[in-house]
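> Kindly generate the corresponding structure for this input.
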Amino acid sequence: MDEDMYDSDPSDLSDDVDDAYSTYSSWYSYPHRSPPPTPPRADTIMGYDVRYEDSRRRSGKAIDLVFILDCTGSMQRYINSVRDHIFAICDMIRGEEGLSGPDDLRVAVVNYRDHKPQDNTYVYQFSPFTSDIAAVQEYLKGLHAAGGGDGPEAVTAAMAACLTELTWRRDAARMAVLIADAPPHGIGENGDQIRQGDPDGHDPLVIARTMAQHGITMFMVACEDTLSNYKRAVDFFMAICNMTSGVMIPLMTADLLAMTIVGSVLENMDMERLIEEIGREVAQRIKEKGQSMQSVEEVAHELHERLLLRNEQTKQVHLPDVYIVSDDSKKNVSTWMEAATIADAAPNIVQVPGRRLTDKFRSSTNTAGFTYTPGGRLPPRKTSVPSAPPTPQSPAHTSAASAPVSPPRRIVSDFKPFGAPAGGSAPLSVFGAPVLKTGPGGGMFGSAGLKPLGGMGGIRGEHDEDEDEDGEDEGAQLRRDAISLDQARRIATQSVFRAGRLPV
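Here you go, the predicted model:
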């Protein structure tokens, strides 16, 4: 055992951690008892056979959305928020994305607690994908927060269940929203009684790479300020979000959860649209520049400039500055991302001293709500199918005549890559080079060991230096704005992972 890794310093723990640990198992409450034996760990699972439905490609958009819910300890208010707002969440997504088919939006739930002996109820349970939202709500009504054990929970097992238990659609945008206030076992947290990681051999870094290769974007709703009291959780989840081209969005209150979910899904649909349009060309450009992490960064900057030239507008969840970023935290994120497994990374993680949450975020999220104008700031995109009729919970009651329209793309006559090819010639890529077929190969395009861009791109609330500040920092906001550099990085990263799966 690494004594430096697992010996805790009481002075480093806040009162919030005491609250978070109030649900520990009985043995943990009595120092005179010996800790339960650590369960043996199976060999690491390095690959997954993700299941897909055999269905014809649909003409319109479709979404497969799974909620991964921590059902331990103090999570009941977040469970209640998803349960109470599931109809409104789905109605807003349908209204904004113009989804009208009965199966255009499917929802699944994976709920988890912990492994024995930390929790004797269950490790995870799940409800498969369905378009029957009433059935999803009934399932959510049966979920209750309890137990949990030693702090870290069975997060890895729940992530693995998304790959082993659920059947996805190839023609749908695939998303997972993890809502949690504790990290998985095995990343080196103080007091972790299953310190070797998931007993069944699942590894969250392997799972994240598999999700990325299959186009499953994972968003992390970090329930604060409990999660940041763990020494390694923030940097770890930032890395997981980076690897799947998702975003980590911290919340201080469950009241903002519903709109955070809606905002994350709507923003990701814009990312999916752009990846479908230019992903193959972006992957080819990265391959031409050397198939390195640096090439991903270079192409992301180049892509960002070109999308700004055509006035590309995207939906974005804006938060005030959230976490205090340091050189050590950036190094930790890169270490997690570049390691094959958590066992390889854990010994190289450095401790980041002090509090992680900024005072600005604490004050703004406690005093401000989530700003959102249904059908106004985020008008539904034009589609070939009629919009779904409004329901009592739907945001579509706003008059179409009164809803402002997003600015049109500016036509840049001398920027040919975004124009139609003249005379039926071979299409040009986003970077002006002929479109080349890409597929599985060596380096970043192989079937294993893919490494996306390192850094802090997976956290929302950290602004890039070249992005404009408009002064609207109070509370969380969902709005349409010029595409950000962070979004260009996500497109580049996801394009690399999907290189062997894009249509040719």
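> Do you have the helices of the chain handy? List them.
3-6, 15-20, 76-97, 133-141, 155-164, 204-213, 233-243, 257-288, 293-309, 327-338, 342-345, 359-367, 485-497 (DSSP state H).
> Nearest to residue 220, out of these?
helix 233-243 (4.8 Å; Cβ to Cβ). For every residue, glycine as well, the C-beta is placed using N, CA and C.
> That closest one packs against which elements?
Counting contacts by 3 or more Cβ pairs under 8 Å, 6 or more residues apart in numbering; DSSP states H and E, helix 233-243 is packed against helix 204-213, strand 216-223, strand 248-251, helix 327-338.
> Could you give the average pLDDT over the third one?
Per-residue pLDDT values over strand 248-251 give a mean of 89.
> which other residues reach that strand?
Under the contact criterion Cβ atoms under 8 Å, 6 or more residues apart in numbering, strand 248-251 has outside partners 219-224, 227-228, 237-238, 241, 257, 260, 264, 317, 319, 322-323, 357, 361, 365, 458-461.
> before we move on, back to that, any chance of the helices and strands packed on helix 233-243 in TSV, with distance to residue 127 and mean neighbour count too?
Compiled in TSV, the helices and strands packed on helix 233-243 are given as follows (distance: least, Cβ to Cβ, whole Å; neighbours: other Cβ atoms under 10 Å):
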stretch	distance to residue 127	mean neighbour count
helix 204-213	19	25
strand 216-223	17	26
strand 248-251	23	25
helix 327-338	30	19
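> Let me have those in JSON lines, adding distance to residue 313 as columns.
Below are the helices and strands packed on helix 233-243 laid out as JSON lines (distance: least, Cβ to Cβ, whole Å):
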{"stretch": "helix 204-213", "distance to residue 313": "26"}
{"stretch": "strand 216-223", "distance to residue 313": "20"}
{"stretch": "strand 248-251", "distance to residue 313": "21"}
{"stretch": "helix 327-338", "distance to residue 313": "29"}
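> show me what contacts residue 72?
Shown here is residue 72, whose contacts under the criterion Cβ under 8 Å, 6+ apart are 23, 113, 114, 119, 145, 146, 147, 148, 149, 153, 182.
> Write the PyMOL selection for whichever of the residues you listed are buried.
Remark: buried members of the contacts of residue 72, expressed as a PyMOL selection using 16 or more other Cβ atoms under 10 Å:
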select buried, resi 23+113+114+119+145+147+148+149+153+182
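> and the two most separated of the contacts of residue 72?
Distances among the contacts of residue 72 were taken as Cβ to Cβ; the most separated pair is 146 and 182, at 14.1 Å.
> Quick check: residue 350 vs residue 232, distance?
Relative to residue 232, residue 350 is positioned 10 Å away (Cβ to Cβ, to the nearest Å).
> Point out where the stretch 351-500 of the chain drops to low pLDDT.
Applying pLDDT under 70 to the stretch 351-500 of the chain picks out residues 364-476, 500.
> could you redo the last one with a cut-off of 80?
For the stretch 351-500 of the chain, the stretches with pLDDT under 80 are 360-477, 499-500.
> how much space between residue 498 and residue 79?
Looking at residue 498 against residue 79, where the rule is Cβ to Cβ, the gap reads 33 Å.
> And for residue 211?
When Cβ to Cβ is the yardstick, residue 211 and residue 79 sit 23 Å from each other.
> One more: residue 326?
Per Cβ to Cβ, residue 326 is found 33 Å from residue 79.
> of the two, who's got more company?
It is residue 79, of residue 326 and residue 79, that has more neighbours when counted by other Cβ atoms under 10 Å, with 22 against 14.
> okay, residue 350 and residue 232: which has more neighbours?
Relative neighbour count places residue 232 above the other of residue 350 and residue 232, with 24 against 14, counting by other Cβ under 10 Å.
> How many neighbouring residues does the nearest residue to the more buried one once chain neighbours are set aside have?
Counting by Cβ to Cβ, 6 or more residues apart in numbering, residue 187 is the residue found nearest to residue 232 once chain neighbours are left out, at 5.1 Å. A count of nearby residues for residue 187, using other Cβ under 10 Å, gives 28.
> Just the pLDDT for residue 187.
Predicted confidence (pLDDT) for residue 187: 97.
> Where do the strands of the stretch 1-150 of the chain begin and end?
Counting by DSSP state E, counting those that start in this stretch, the stretch 1-150 of the chain has strands at residues 51-52, 63-70, 105-112, 124-130.
> other SSEs contacting the first one?
Counting contacts by 3+ Cβ pairs under 8 Å, 6+ apart, the secondary-structure elements packed against strand 51-52 are strand 167-168.
> Give the partner strands of the strand it packs on in its sheet and their orientations.
Within its sheet, and counting by DSSP bridges, strand 167-168 is paired with strand 51-52 (parallel).
> ok, residues contacting the strand it pairs with?
Contact with strand 51-52 is made by 166, 167, 168, 169, 170, as judged by Cβ under 8 Å, 6+ apart.
> Let's see that with 7 Å instead.
167, 168, 169, 170 (Cβ atoms under 7 Å, 6 or more residues apart in numbering).
> export those residues to TSV and tack on neighbour count?
Converted to TSV, the contacts of strand 51-52 look like this (neighbours: other Cβ atoms under 10 Å):
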residue	neighbour count
167	13
168	21
169	19
170	15
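> for residue 304, what are its contacts?
Residue 304 makes contact with 483, 485, 488 under the criterion Cβ under 7 Å, 6+ apart.
> which of those lies closest to residue 199?
Of all the contacts of residue 304, the one sitting nearest residue 199 is residue 488; the distance, using Cβ to Cβ, is 39.6 Å.
> What is the burial count for the closest one?
A count of neighbours around residue 488, defined by other Cβ under 10 Å, yields 27.
> do the one 5 residues further on as well
Residues near residue 493, counting by other Cβ under 10 Å, number 29.
> for stretch 166-178, how far is the first residue from the last?
The first and last residues of stretch 166-178 sit 15 Å apart, counting by Cα to Cα, to the nearest Å.
> quick revisit: take the contacts of residue 72 and lay them out in JSON lines including pLDDT and distance to residue 103.
Formatted as JSON lines, these follow (pLDDT from 0 to 100; distance: Cβ to Cβ, whole Å):
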{"residue": "23", "pLDDT": "37", "distance to residue 103": "38"}
{"residue": "113", "pLDDT": "96", "distance to residue 103": "31"}
{"residue": "114", "pLDDT": "95", "distance to residue 103": "34"}
{"residue": "119", "pLDDT": "91", "distance to residue 103": "35"}
{"residue": "145", "pLDDT": "94", "distance to residue 103": "31"}
{"residue": "146", "pLDDT": "91", "distance to residue 103": "34"}
{"residue": "147", "pLDDT": "81", "distance to residue 103": "35"}
{"residue": "148", "pLDDT": "72", "distance to residue 103": "36"}
{"residue": "149", "pLDDT": "67", "distance to residue 103": "39"}
{"residue": "153", "pLDDT": "95", "distance to residue 103": "32"}
{"residue": "182", "pLDDT": "95", "distance to residue 103": "34"}
